[in-house]
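S.K.: okay, sequence plus prediction incoming.
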Amino acid sequence: MNTLCAAGTGAFLSSQAERLDVPVEEFGKIALTSKSPTPIAARCTVFAESDLVHKAQMGCKKEDIIAGLCKSVALNYLNNVGKGKKIMSPIIFQGGVSKNIGVVKAFEKILNEKIITDENGHLMGALGVAILSKKEQEINFSFDIIEDKFETTSINCQGCPNNCEIICVKKNNQLLDSWGNRCEKGSNKSKSTIKE
């Protein structure tokens with residue numbers, strides 16, 4: 001749901017579901033059974049994971065921890081992406097995380113608004129790309145890549161105290177993509193300064 005922090009993504013919830021030994025498909029339903037969601041640090045996945053372990057060691061109930069994680073994802077999104085912007089009704093929630101009823105309910109509770117989701121909301125990104133690509137001029141494309149050399153490397157960004165490990169994928173020594181930055185400095189660094 002955002003480009004700055006993994007704590008606002010479905011992958012974060014998926015990894016926490018695995019940590020808690022709960023099927024990710026059941027995560028939201030379990031969250032709804034909580035009577036007292038456990039507060040979980042919402043600003044960063046590292047803090048959230050550390051907080052989750054601490055709360056589990058303190059004996060917090062699994063459903064309360066799960067509800068706390070759902071709330072932390074909603075708060076992370078509102079803090080990092082919303083950044084105090086006025087939210088207008090109706091609110092439509094789409095993407096893979098919209099399938100998690102626990103996160104939907106957390107947004108509704110925080111915003112005191114009904115959140116609209118669609119059973120196919122997790123496909124909206126793919127539909128958007130399909131529509132955009134249909135508008136583009138057709139190009140010759142081939143899957144003939146057998147002679148190409150693909151390589152995955154990493155660098156450590158020194159742009160800020162996060163010291164992010166940035167994963168880089170190259171094709172024939174040309175950078176295709178990179179990820180792993182926790183701030184925009186890492187994004188710029190990976191695109192402009194990778195030399196090997």
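M.R.: That came in fine, so what should we check first?

S.K.: what's the neighbour count on Tyr77?
M.R.: Other residues within reach of Tyr77, judged by other CB atoms under 10 Å, total 23. Using the backbone N, CA and C atoms, a C-beta is placed for each residue, glycine as well.

S.K.: ditto for Gln158
M.R.: Gln158: 12 neighbours (other CB under 10 Å).

S.K.: so what does it look like in phi/psi?
M.R.: The phi/psi pair for Gln158 (degrees, to the nearest 10) reads phi -110, psi 20.

S.K.: the domain parsing of the protein - what is it?
M.R.: As assigned by automatic domain parsing, the chain contains the domains 6-125, 150-193.

S.K.: nearest to Ser133, out of those?
M.R.: The closest of the domains of the chain to Ser133 is domain 6-125. By CB to CB, the value is 12.5 Å.

S.K.: could you look up the SS state of the residue of the chain most remote from its centre?
M.R.: Within the chain, the residue lying farthest from the chain centre (CA atoms, centre = their mean) is Glu147, at 34.1 Å. Classification of Glu147 using DSSP: H, G, I helix; E, B strand; the rest coil returns coil.

S.K.: and it, how far from Lys171?
M.R.: 11 Å (CB to CB, to the nearest Å).

S.K.: can you check Gln94 too?
M.R.: Taking CB to CB, one finds Gln94 at 32 Å from Lys171.
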